[in-house]
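*Asks:* Okay, predicted coordinates and the sequence, questions at the end:
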Amino acid sequence: MQRFIETDRLITVDNLDSSAIKSFQYDKATEILTITFTSGGQYDYPNVPIDISREWLEADSKGKFYNKEIRYVYAC
């Protein structure tokens, strides 16, 4: 089950319903999206607007959203 925590500074989501993506954390102050993959890899994506992180939460397919809206749009 997906776990969502939001504070003044961070949005953290664990146990994503995805075969490839384990979790992500978004830092509102720095606009850095940190993604942890089920393979163990972790990547930081700078300059990601908060709206992208919120839309990702609502996406039916986390992997498809990542590939289309994050992976090739924001450098890590």
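*Replies:* That came in fine, so what should we check first? Just so we're clear, the structure is a prediction, and the values are computed from it rather than from any experiment.

*Asks:* Please report phi then psi for the residue nearest to residue 11 when sequence neighbours are not counted.
*Replies:* Among residues not flanking residue 11 along the chain, residue 26 sits closest, at 4.3 Å (C-beta to C-beta, 6 or more residues apart in numbering). Quick note: C-beta positions are derived from backbone N, CA and C, even for glycine. Main-chain dihedrals, residue 26, degrees, to the nearest 10: phi -120, psi 130.

*Asks:* OK, contacts around residue 26?
*Replies:* Taking C-beta atoms under 8 Å, 6 or more residues apart in numbering, we find residue 26 in contact with 10, 11, 12, 32, 33, 34, 48, 50, 53.

*Asks:* Put the alpha carbons of stretch 27-40 into PDB.
*Replies:* Provided in PDB are the C-alpha atoms of stretch 27-40 (Å, rounded to 0.1, in the frame of the first residue of the first chain):
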ATOM      1  CA  ASP A  27      11.900  18.900  -1.800                       C
ATOM      2  CA  LYS A  28       9.700  22.000  -2.100                       C
ATOM      3  CA  ALA A  29      12.500  24.400  -1.200                       C
ATOM      4  CA  THR A  30      15.000  23.100  -3.800                       C
ATOM      5  CA  GLU A  31      12.600  21.600  -6.300                       C
ATOM      6  CA  ILE A  32      14.600  18.400  -6.400                       C
ATOM      7  CA  LEU A  33      12.800  15.200  -7.000                       C
ATOM      8  CA  THR A  34      14.600  12.100  -5.700                       C
ATOM      9  CA  ILE A  35      13.500   8.800  -7.200                       C
ATOM     10  CA  THR A  36      14.500   5.400  -5.800                       C
ATOM     11  CA  PHE A  37      14.100   2.500  -8.100                       C
ATOM     12  CA  THR A  38      13.300  -1.100  -7.100                       C
ATOM     13  CA  SER A  39      16.800  -2.000  -8.500                       C
ATOM     14  CA  GLY A  40      18.300   0.100  -5.800                       C
END
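
*Asks:* Right, I'll leave it there.
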